[in-house]
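S.K.: Structure of the sequence below:
(2 chains, ligands or ions: 2)
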Amino acid sequence: MLNDITIGQYYPTGSPIHKMDPRTKLMMTFLYVILLFFANNVYSFVFMFLLLSVAIKVSKVPLSYILRGIKTIVFIIMFTVVLNMFMTPGDNVLCQWGIFKLTTEGIYNAVKMAIRIVLLVCGTSLMTLVTSPISLTDGMENLMGKVPILKNYAHELAMMMSIALRFIPTLMEETNRIINAQKSRGADFESGNLIRRAKALIPVLVPLFLSAFQRAEDLALAMEARCYRGGENRTRLKELKYTYLDRYGYMISFFMIAGVVTLNVFGVYLL
Amino acid sequence: MENMISIQNVSFKYRTGEGMEDVLALDNVSFDVKKGDFVGIIGHNGSGKSTIAKLLNAIYFPLSGDVLISGMNTKDEENIWKIRQKAGMIFQNPDNQMVATIVEEDVAFGPENLGVPHADLRGRVDEALNMVGMYEYKDKKPHELSGGQKQRIAIAGILAMEPECIILDEPTAMLDPKGRVEVLNTIKRLNKEKNTTVVLITHYMDEIVDCDNIFIMNNGKLEYDGKPKDVFKQVEFLRKLRLEPPFATRVSYEMNKSGINIKDDVLTIDELAEEICQLKV
Ligand SMILES: Nc1ncnc2c1ncn2[C@@H]1O[C@H](COP(=O)(O)OP(=O)(O)OP(=O)(O)O)[C@@H](O)[C@H]1O
Ligand SMILES: [Mg+2]
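M.R.: Ligands and ions are numbered 1, 2, ... in the order given. Here you go, the predicted structure:
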């Protein structure tokens, strides 16, 4: 039951995007999200859409994986669309029920919002699909280390994340073991209403938490015995290195900015 | 020869909280371990073995007496990190001492903490992995390994710090027989080839029959300090300390008791077989 949960959603294909430095990918995604909110006409939206399509094509990640992210937020998208449709003030009223007015501006806004959210989710999904959790952690640590306020927490946060990644499979295995042990003692996890089933989980969670605390204590001891004293003066076996791929990445970033700005400005004349 | 480890009149108590009696875990214990030796520490549950290990690694500090590693006192604040680098420690549970998500990064964890330059790290990691025979597994994830393999990775993680001494606290207790053999062979090879001092804490006497020296603990006191051969034949003495002598020794003891004359200091099955074959019927 728990075996099919994967950590993160990394989908390795060995494409050039996979091989890029995680910092480049993080920066590009960040930039993409910002530009999505700058884009304000059909042409710049088409441009943003084309950018993502090309990226997906190059990454060789199946489209179904990328669309999976959308499925979980369909409700949020619908809610935003409806809200935008009826709550946008405008003059060109199509029909009206009480305070709810359906205007052309409203429809225009709703469509824009929907496109933004879909592209945003697809874009960020793509990033997690093409970057392994470990290199994502490394990239975040490195980038955070350059921001003055976040600097002091960068190493600790990254360490916490990587320890979590390390122990998720272990704890998963343990959960399975405890569930089986309780089942063999006659515990029933499958029948009854929601409350009964939730109650049946208590004898699983208690031993799981106890063992997790024990593990944490052991691990802390082992880390100290191996001379761990925080991030200061630590060296790294795998240092992040920019390659020619990242040069292309940053060139594409400038192209992205230039494209959106141009189309935003000249879109007015093109319309 | 120089002493790698020297424990001098050490006592240690655990605080157990308000109103309760503190546990005297070690009671005036003294012993030395020579450089390059392979020594064993045995004793029944709660006899103080793990406490000794933690004192050697400067995780705990003695209530009275001194613990010296290569002549450095663990009480000296400045020595702590040098001591932990010189005397590496392996714990019982192989799962709970792996930090990183990839084997080679876990092996690199110790030297990374020591600030070993990036250029030297790769070499150290590869050498350590080769030493424990796990080089092909360098890109694996910890949960893809068996218990014995994880324990060997833990050993590699210590080796990469280039220690002079390794302390292992029941490293085989959670392993199957195959894993036990793997781990034991690895430490024996280390001791022979790299002349690393080894302190093996264990419940199994079979694991330490060919040690240079053994220490037997009983209720926080050091009960015996000497060669394994001399003590393992004293079956009555061992049983009093709630220890079970190796299988071969037990057989020869029982044979002697029932009137068959056989050497009483056999330690391994092979020696026993040899002796039995020479019996005249
Ligand atoms: N954290 C602790 N707090 C209080 N008492 C402790 C603690 N750890 C150990 N003790 C006590 O100290 C004594 C020595 O324990 P120690 O762990 O050194 O024994 P051990 O020989 O390693 O036993 P085992 O073979 O079970 O590992 C025991 O009586 C134990 O109950
Ligand atoms: Mg112990």
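S.K.: drop to CA atoms for contacts and neighbour counts, all remaining ones
M.R.: OK.
S.K.: Quick check: mean pLDDT of the strand or helix carrying A:V111?
M.R.: Assigned by DSSP states H and E, A:V111 belongs to helix A:104-130. Helix A:104-130 shows a mean pLDDT of 90.
S.K.: For that helix, buried residues please.
M.R.: Along helix A:104-130, these residues count as buried under the neighbour rule (16 or more other C-alpha atoms under 10 Å in any protein chain shown): A:104-107, A:109-110, A:112-130.
S.K.: Show me where the stretch 151-281 of chain B has its helices.
M.R.: B:177-193, B:228-232, B:235-240, B:247-257, B:269-277 (DSSP state H, counting those that start in this stretch).
S.K.: what's near enough to touch the residue most central in space within chain B?
M.R.: For chain B, the residue nearest the mean C-alpha position is B:L200 (1.6 Å; C-alpha atoms, centre = their mean). Taking C-alpha atoms under 8 Å, 6 or more residues apart in numbering or on different chains, we find B:L200 in contact with B:38-41, B:167-170, B:208.
S.K.: Can you pick out the most distant pair from those?
M.R.: Within the contacts of B:L200, B:F38 and B:E170 form the most distant pair, 14.8 Å apart (C-alpha to C-alpha).
S.K.: neighbour count winner among those two?
M.R.: Remark: of B:F38 and B:E170, B:F38 carries more neighbours, 25 against 20, as counted by other C-alpha atoms under 10 Å in any protein chain shown.
S.K.: Report the separation between the more buried one and chain A.
M.R.: 21 Å (C-alpha to the nearest C-alpha, to the nearest Å).
S.K.: With B:I187 instead?
M.R.: For B:I187, the distance to chain A equals 18 Å [C-alpha to the nearest C-alpha].
S.K.: Over to B:I276?
M.R.: From B:I276 to chain A the distance is 46 Å (C-alpha to the nearest C-alpha).
S.K.: Now do the phi/psi pair for the closest residue to that residue other than its chain neighbours.
M.R.: Nearest non-adjacent residue to B:I276, counting by C-alpha to C-alpha, 6 or more residues apart in numbering or on different chains: B:I262, 7.7 Å away. Note on B:I262: its backbone torsions stand at phi -150, psi 150 [degrees, to the nearest 10].
S.K.: Tell me where the stretch 101-250 of chain A is predicted with low confidence.
M.R.: Applying pLDDT under 70 to the stretch 101-250 of chain A flags no residue at all.
S.K.: Strands of that one, start to end?
M.R.: Counting by DSSP state E, counting those that start in this stretch, the stretch 101-250 of chain A has no strands to list.
S.K.: name the element the nearest residue to A:L63 once chain neighbours are set aside belongs to?
M.R.: Nearest residue to A:L63, sequence neighbours excluded (C-alpha to C-alpha, 6+ apart): A:I56, at 7.6 Å. According to DSSP H and E, A:I56 maps onto helix A:42-59.
S.K.: can you give me the strands for chain B?
M.R.: Secondary structure of chain B by DSSP state E: the strands cover B:3-14, B:23-34, B:38-43, B:64-69, B:72-73, B:87-90, B:165-169, B:197-201, B:213-218, B:221-226.
S.K.: Redo those strands as JSON lines? Include mean pLDDT and distance to ligand 1.
M.R.: Shown next, in JSON lines, are the strands of chain B (pLDDT from 0 to 100; distance: least, C-alpha to the nearest ligand atom, whole Å):
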{"stretch": "strand B:3-14", "mean pLDDT": "93", "distance to ligand 1": "5"}
{"stretch": "strand B:23-34", "mean pLDDT": "92", "distance to ligand 1": "4"}
{"stretch": "strand B:38-43", "mean pLDDT": "94", "distance to ligand 1": "6"}
{"stretch": "strand B:64-69", "mean pLDDT": "94", "distance to ligand 1": "16"}
{"stretch": "strand B:72-73", "mean pLDDT": "93", "distance to ligand 1": "20"}
{"stretch": "strand B:87-90", "mean pLDDT": "94", "distance to ligand 1": "13"}
{"stretch": "strand B:165-169", "mean pLDDT": "96", "distance to ligand 1": "8"}
{"stretch": "strand B:197-201", "mean pLDDT": "96", "distance to ligand 1": "8"}
{"stretch": "strand B:213-218", "mean pLDDT": "93", "distance to ligand 1": "8"}
{"stretch": "strand B:221-226", "mean pLDDT": "92", "distance to ligand 1": "10"}
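S.K.: The ones you listed: which one's closest to A:D246?
M.R.: Nearest to A:D246 among the strands of chain B is strand B:87-90 (40.4 Å), distances taken as C-alpha to C-alpha.
S.K.: quick one: contacts of the closest one?
M.R.: Strand B:87-90 is contacted from outside by A:222, A:225-226, B:53, B:56-57, B:69, B:154-155, B:158-159, B:163-169, B:171, using C-alpha under 8 Å, 6+ apart.
S.K.: That strand pairs with which strands, and in what direction?
M.R.: Each strand paired with strand B:87-90, and its direction, by DSSP bridges: strand B:165-169 (parallel).
S.K.: what angle do the strand it pairs with and strand B:64-69 make?
M.R.: Interaxial angle, strand B:165-169 versus strand B:64-69 (axes from the mean of the first three to the mean of the last three C-alpha atoms, to 10 degrees): 120 degrees.
S.K.: Centre of the chain to strand B:165-169, how far?
M.R.: For strand B:165-169, the distance from its own C-alpha centre to the chain's C-alpha centre is 5 Å (C-alpha atoms, centre = their mean, to the nearest Å).
S.K.: tell me the angle it makes with strand B:3-14.
M.R.: For strand B:165-169 against strand B:3-14, the angle by the same axes, to 10 degrees is 40 degrees.
S.K.: Need the contact partners of strand B:165-169.
M.R.: Here strand B:165-169 makes contact (C-alpha under 8 Å, 6+ apart) with B:4, B:49-50, B:53, B:86-92, B:158, B:196-202.
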